[in-house]
Each structure stands twice: as C-alpha cells, then as structure tokens.
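okay, predicted coordinates and the sequence, questions at the end:
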Amino acid sequence: MGNNQDSSIIDLRNLHKCYWVGTMPFPALHGLNLEIAAGEFAVVAGRSGSGKSTLLNIVGALESADSGSVEVLGQDILGMNSDQRTQFRLRNIGFVFQAYNLVRVFTARENVAYVCQLQGKSRKESMEIANHWLHEVEIGHLGYRRPDQLSGGQQQRVAVARALASNPKLILADEPTANLDSTTGRRLIRLMHELNHRFGTTFLISSHDPDVKQAAGRLIKLADGQIVDSWDEVPEPPQSLSSSCPSSHLPLGERVRNYIKLKRQSRGGKRRGGNQRRS
Amino acid sequence: MDSPRGLSPITYLHLAARNLVRNRRRTLITLLTMIFGIATLTLLSALNDGWLNQMKTNFILSYTGHLQIHAAGFEASQNLNDRIKEPEEVSRLMQSYGEIVGWTQRIRTSGLASVGGSSAGVQVMATDPEQETWVTSMDQRVTSGTWLRPGISHDLILGHTVAQNLGAELGDRIILMVQRLNGEMVSDVFFLRGILETGAPQIDRSLALISLNSAQQWLQMGDSVTDIVIRADIHEHTDALYRLFTQQLSEHKYEIMPWQELDPMVRQWLEFSDAYGFVILLVVIILVIIEILNTMLISLHERQKELGVIVAIGTTRIRIFLMLLLEAVMLIFIGAILGYLGGSLLVYSLADSGINLTRFANAFEFFYMDPVIHPQLTPDSAVKILSATLIAALLAGIYPAWRATHLSLSQALRIQ
C-alpha cells in the first residue's frame, strides 16, 4: 500500500441513489457510508446490481446522488455544476472502464496524450508524458497502434496509462478485468498494485473477480446498495420505498406522464360510475 | 479553443477528419449526394444567370440602352411638347464619364404608315444612323435591305411584323403621317430601305425608323429631341450612371430612367427569375441539411459511448459541441467545394456550345431570350451557393452537437 494513508480522500455519508424505470423505482444505494484514505488500494465487491458501478460513478462525479454527502479530496461533488465536475475529474481522477473505452480514431499514444492536452499541456509535452506512461505499463513499443490493432489486455493497459497520465490522486476502475482472460487480468492487477505502491495513487476498483479481491488492500463488500461486514450478512431492506426513492426524485417527464395517466384513470372511473347509476 | 497549449484547432481538425474517415462508406455516400446536389445547383444557377444576362443584353441592345433621359413627364405623356429643348446641355455631360460607350438622340412619336390600300399604326422613331450603332444592335438586326444611310433624308426601316401587315416590300414608297408640335397633321413619303427583326414582338409590330435630321425638319422641332439614349460599358454601371445624371440634371426638367423602368414586364421577369433561383437554392440546401443531419445523428448514435468517455475523462461540453460542429462543417465544406468544382466543370464544358432549346424558340423570343442558353458562372452566385452551404452546415451541425452535449454520462458509459 502507499504512504499517505493518514488523510481521507473519499468521504461518503448516508448516500442514497435510486433509478427509475418509468414510474417504478429501483434503489441502487441505500444510506451508504464509506471513507477511503489516501493511497489505499480498495476493491468494492458485490453481485451484479449491488450498486458497485453506481458508487464509482458518484465518486467519479459522473452521476449525482439523490441525497447524502459526497466529499472527494475534500470537495463537495454534489454541489458542483456540470463544468465544475468535468474540471474536477480532469484534475483529480483517472478512469479505467470495463470495456477499455479508448477513442477509436486515436493511436494508443494519442489516447494517453489527449488528457494531458485537455489539461493545457502542449502537444509535444503531452506526447512525451504519453510515451513515459506507455513504457510504465510495458507497451511503449505499441504507441503508434490504433485500439483495434491491440489485444484486450493491451487496450486495458493503454486505459491505465491514460488514467495515470493526468497525474490523478484517485483512480476509479470499474470491472477492469471483466473483459480479460485470467492471466491478462492478473497481470493488469499486479501492474495497478505496483503503481499504487510506487506512486501512492489511491485506487478504488469495483470487481467480482476473485483475483482482484485477493489483491485488495481493503475489501468493501456491497450488497443491495449497502456495505456489509460479511457475505452472510443480510442487509436491512429500506423501511419503505418512499424513504429510499422519494417520488420527488422521479424524473420530470415521468412525473408529467404519471399525472396524465392518473387524470385519465380518474375520468374513466367517473364515466363508468355515471353509467352504473343510469343502469 | 486552447492554443498554442492544450487542444489546438489542428487537433480538432485532425479529430474531425479521422471521425469522418472512420466510416468511409457512409461519408462517401453523403459526400457524393452533396456533390451531386451542389453541382446541380451550380449548373442551374449558371443557366439562370446565363439566360438572365442574355435577356438583359438583348433587351438593352435591341432598343432601350442602359439609360434614357427624357424631358420631365415624356414617358407618361408621349407628347412631343414634353421634349428636350437643349440636348446640348445633356450631351456635354457624356464626355465626362468613361463608363459611357455610346449615346444617341431620338425622337419618338405615334403615327400612321400607309402603302397601297393598307395602313397601320406605328411608333415613329427617328435616330442618328451613326450614333445609334454605338448604342444598340438594331443595325445588325436588319434582316433584309440596309440600315439607315447617314445624310439621306427619306430612308425608312420598318419592323418585320408591321412590314408584313402592310404588305410592304423593299423599295416601296410608304406614307408616314404624324402630328406636329402645333397639332397639325403632316405626311411625307419615305422609301423602305430595310426590314428589322429585333425578336421583341412589341417592337417588330410597330417600329418605323427614320433619320433624326429629316424628322427634326419635318416635325419643325429644331434641335430638340424626345430621348437621349445611353449605353454603359457593362450592365453593372447602370446604377452608378443613373446616380450621376440624377445629381447633375434638374429633376424638374428631366426624367432619367434606367432600363429596368422602361419595361416593367422585363423587370418582373428578372425578379421572378431571381425568386426562382432562390427557391432552387433553398430546396437543394434543405436536402443538404437533411442529408447531413441524418449522417451526423447516426454517427452520434454510434459514438455515444465514446463521447461519454471523453466527457468522463475531462472534455468540457463546449469542446464536444465544437468537435461535432466542426465535423459537420468539414463534411459540408468538402462537399460544397467539390460540388462547386464539378458544377463549374459542367458549366465550362457547356459555356461555348450552350444548351440548345430551339424547340421553344418562339416562347423565348418574347422574353428577349436566345434559343441557345450559355450558362455563366458569376461571383455573386458562387458567394450565394458557398455561403448558403456554410449556413446549412452550421444548421445541420448545431442540433447533433447540442444533443451530444446533453448525453447522460452514466447511460452513455453503460452502452455495451
């Protein structure tokens, strides 16, 4: 593990997040509390639908929470507007996605250099940084290749290099080994672990891969949107859906649709009632 | 955009170009559609400009000249009493302007022509035989016989239709009857020296042309005339000359009329033609917008996840907007340039031979048109076509670019 474990880099308090499919609520996070210290190599594990990706998206300022507080690097993420979040991500967070998500029209080197250019570095300097990080992830000789000319493992290494190139304090990796074979996956985790040790960068990884869990400095178990101490523990269900997913959080379009539907139902009821009286 | 540090405009251009090339077939089909549309638009526009220019030239050179100066009120009254009594005052001005190629003095009045037992109403026009050749091409439109001879007083040229109606033949003695300034009716015998065919039916069916000197003596008008007709070096100088004469000559004494005002029907035709050109431009541009919009929206749909990723790693929404807008602009710009070049090649290949529409010659003559239309590229139409396509590019690019900035990040990143 890294050296800066004394200060908290992520601080989540009573976090709630709910998704809506039509008017049907699906609670994703329910009153979650979590603190991650700087330099940790933390893995969030849990079944599919347990809220891992939602948690990472909220920490990464990609998505909003419905309620609670989210402090990353001492900054309140929920209070930021869209552009402030973009800037925050650019300066502080690196992302590694499950499906690599490299820009198809860029070479590996350009993919890595792109974030440096976004940070305002010159093209030349950005390319030098990209070369450096591609060497660090052991694919320096493949910098000129486009993503479709690289294997899955190589693409994921490019994604790791891209995440590191912006010199972030925190790297969020969402199922980084899910699309890789076990050997390549293990190599990638070893690489990320090593980078965590060498540079003290905090890693928060979501995964259900046993190899990743084994490598974790800290394993966070997530079940039904809540952190549990052991997999045997059954999390307490929300007392009511309205407390976890208040209808005030229903998207506006759905609210209007719902209102029209209710109006129609009530009119139909009245009409049927009238007919019954006549008969 | 950030320059020279950060993402430079060159990076945006590279990115836009590569994104266009990533689906070569689709980009090629879109480009070909655009090239065909813009090339067709260029050719149609050139045909329109070509026949408009022919129409203007034929109208101006057949009779009216670019500008006419009359005594105030003459065009409405057509009365010899509304005449220019001191034509020298106007003639002196002609020397000062290099834009004037030629000018002539005329007398116009209504009259009656008789030969044998036939008679017909005519528009008697007297002109200087030499000066007239500098202003109009009437001398070249004499289809049989000869043009008026300078210094010969009783030569007469008749319009082709009026000669037919009278049954007059070259060498015939024609009696012309007109009214003098004092109202007295006078007649004289003229010899038919030539028959004129301008192509404009209203002229061919009424014109009786005699020399200016004989008319001034016959009508006892001294040096006075009814019209001073001016030809400019190019059509576009008409307005400038009109302004100059308007400033120099008293409006109480003179009326100055550009060619557009002398025949309202021709003006209406030109306006109609402009409107027709505009409608064609609009239709092609709308088709281009739809085509580009379709391509950009499909491309946006395919790249939702990638756009989500580049926003996630720190690209601001305004940059995404500019990237996509630049792609649309680049696509349309390439299509517009290639389309315009293709259209220009077509125009140049047809410029000399023209498009032969002799089958419709009768209809064309009525509007001073030649049956062979020579397409003509003008800077005006180039500016119109290229700026309209640029506006189309912006219109077609704005919506997909705006939609890209409103992508839901979490949803975009979840796309498999």
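Okay, I see it. Small disclaimer: the values here were computed from a predicted structure and weren't measured.

all contacts plus neighbour counts: C-alpha atoms, from now on.
OK.

look up how far chain A lies from B:G111.
Per Cα to the nearest Cα, to the nearest Å, B:G111 is found 82 Å from chain A.

which SS class is that residue?
Secondary structure, DSSP: H, G, I helix; E, B strand; the rest coil: B:G111 is strand.

and the pLDDT for it?
You'll see B:G111 listed with a pLDDT of 93.

what do you get for A:R218?
Reported pLDDT at A:R218 in the predicted model: 91.

same check on A:L15?
pLDDT for A:L15: 90.

check whether the helix or strand harbouring it contacts chain B.
Per DSSP states H and E, A:L15 falls inside strand A:8-21. No: Strand A:8-21 stays clear of chain B (Cα under 8 Å from any Cα of the partner chain), getting no nearer than 11.3 Å.

tell me the helix or strand right after that strand.
strand A:24-37.

list the buried ones in that following strand?
Under the neighbour-count criterion of 16 or more other Cα atoms under 10 Å in any protein chain shown, strand A:24-37 has A:P25, A:P27, A:A28, A:L29, A:H30, A:G31, A:L32, A:N33, A:I36, A:A37 buried.

residues contacting the third one?
In other words, A:A28. By Cα atoms under 8 Å, 6 or more residues apart in numbering or on different chains, the contact set of A:A28 is A:H16, A:K17, A:C18, A:Y19, A:G49, A:S50, A:G51, A:T54, A:D224, A:G225.

quick check: the first one vs A:A65, distance?
Using Cα to Cα, to the nearest Å, we find A:H16 at a distance of 6 Å from A:A65.

ok, back up a step: which neighbours does the strand holding A:L15 have in its sheet, and in what orientation?
strand A:24-37 (antiparallel), strand A:67-72 (antiparallel) (DSSP bridges).

ok so, going back, report the buried members of the contacts of A:A28.
Using 16+ other Cα under 10 Å as the burial test, these include A:H16, A:K17, A:C18, A:Y19, A:S50, A:G51, A:T54, A:D224, A:G225 as buried.

among those, which one lies nearest to chain B?
Of all those, chain B sits closest to A:T54, with 8.5 Å by Cα to the nearest Cα.

how is the chain divided into domains?
As the question left the chain open, I've gone with chain A. Listed by automatic domain parsing, the domain ranges of chain A are A:8-245, A:250-279.

meant chain B actually
Using automatic domain parsing, the domains assigned to chain B come out as B:9-60+B:267-414, B:73-250.

hmm, who's touching the strand holding A:L15?
A:25-38, A:59, A:65-74, A:244-245, A:250-251.

what about that strand, distance to the chain center?
On the basis of Cα atoms, centre = their mean, to the nearest Å, strand A:8-21 is displaced by 11 Å from the centre of the chain it belongs to.

quick check: buried residues in it?
Applying 16+ other Cα under 10 Å to strand A:8-21 flags A:S8, A:I9, A:I10, A:D11, A:L12, A:L15, A:H16, A:K17, A:C18, A:Y19 as buried.

which sections of the stretch 51-200 of chain B are below the confidence cut-off?
For the stretch 51-200 of chain B, no stretch is flagged by pLDDT under 70.

what ranges does it have for its helices?
Here the stretch 51-200 of chain B has its helices, by DSSP state H, counting those that start in this stretch, at B:74-77, B:87-94, B:129-135, B:160-166.

up against chain A, what does the stretch 301-416 of chain B have?
Residues of the stretch 301-416 of chain B lying near chain A (Cα under 8 Å from any Cα): B:305-306, B:309-317, B:409-410, B:416.

in what helix or strand does the residue in the stretch 151-279 of chain A that chain B sits nearest to lie?
Nearest residue of the stretch 151-279 of chain A to chain B (Cα to the nearest Cα) works out as A:A163 at 8.2 Å. Assigned by DSSP H and E, A:A163 falls within helix A:152-165.

below-threshold pLDDT in the stretch 1-150 of chain A: ranges please.
Judged by pLDDT under 70, the stretches of the stretch 1-150 of chain A that qualify are A:1-6, A:23.

strands of the chain, residue ranges please.
Went with chain A since none was named. For chain A, applying DSSP state E gives strands covering A:8-21, A:24-37, A:41-45, A:67-72, A:75-76, A:93-96, A:170-174, A:202-206, A:218-223, A:226-228.

please go with chain B instead
Counting by DSSP E, chain B has these strands, from start to end: B:67-71, B:100-115, B:118-127, B:142-145, B:155-159, B:173-179, B:185-196, B:207-211, B:227-232, B:254-258, B:355-356, B:372-373.

residues contacting B:F333?
Contact analysis of B:F333 by Cα under 8 Å, 6+ apart lists B:T389, B:L390, B:A393.

the first one and chain A, how far apart?
I take that to be B:T389. As for B:T389, its distance to chain A is 27 Å (criterion: Cα to the nearest Cα).

ok, and for the top helix by length along chain B, which residues are buried?
Counting by DSSP state H, the longest helix found in chain B is helix B:264-302. Buried residues in helix B:264-302, counted by 16+ other Cα under 10 Å: B:266, B:270, B:273, B:277, B:281-282, B:284-285, B:287-289, B:291-293, B:295-297, B:299-300.

kindly report the same for stretch B:196-205.
The neighbour-count check on stretch B:196-205 (16+ other Cα under 10 Å) flags B:L196, B:E197, B:T198, B:G199, B:A200, B:P201, B:I203, B:D204, B:R205 as buried.

need those in TSV (columns: distance to A:K261).
Below are those laid out as TSV (distance: Cα to Cα, whole Å):
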residue	distance to A:K261
B:L196	83
B:E197	79
B:T198	77
B:G199	74
B:A200	72
B:P201	73
B:I203	76
B:D204	78
B:R205	78
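
residue 81: how many residues sit nearby?
You didn't pick a chain, so chain A it is. 9 (other Cα atoms under 10 Å in any protein chain shown).

actually, chain B is the one I wanted.
Considering only other Cα under 10 Å, B:N81 is surrounded by 16 other residues.

just give the nearest non-adjacent residue to it, would you?
B:L181 (6.1 Å; Cα to Cα, 6 or more residues apart in numbering or on different chains).

roughly how far does that neighbour sit from chain A?
For B:L181, the distance to chain A - Cα to the nearest Cα - is 86 Å.

any idea how many residues pack against B:V135?
Close neighbours of B:V135, defined as other Cα under 10 Å, add up to 24.

contacting residues around it?
Listed by Cα under 8 Å, 6+ apart, the contact partners of B:V135 are B:L61, B:G65, B:V101, B:G102, B:W103, B:T104, B:V229, B:I230, B:R231.

what separates the third one from chain A, distance-wise?
So the one you mean is B:V101. B:V101 sits 62 Å away from chain A, taking Cα to the nearest Cα as the criterion.

gap between that residue and B:I234?
Distance from B:V101 to B:I234, counting by Cα to Cα: 9 Å.

list the contacts of the residue nearest to B:N81.
Neighbours of B:L181 in contact, by Cα under 8 Å, 6+ apart: B:L80, B:N81, B:L219, B:Q220, B:M221.
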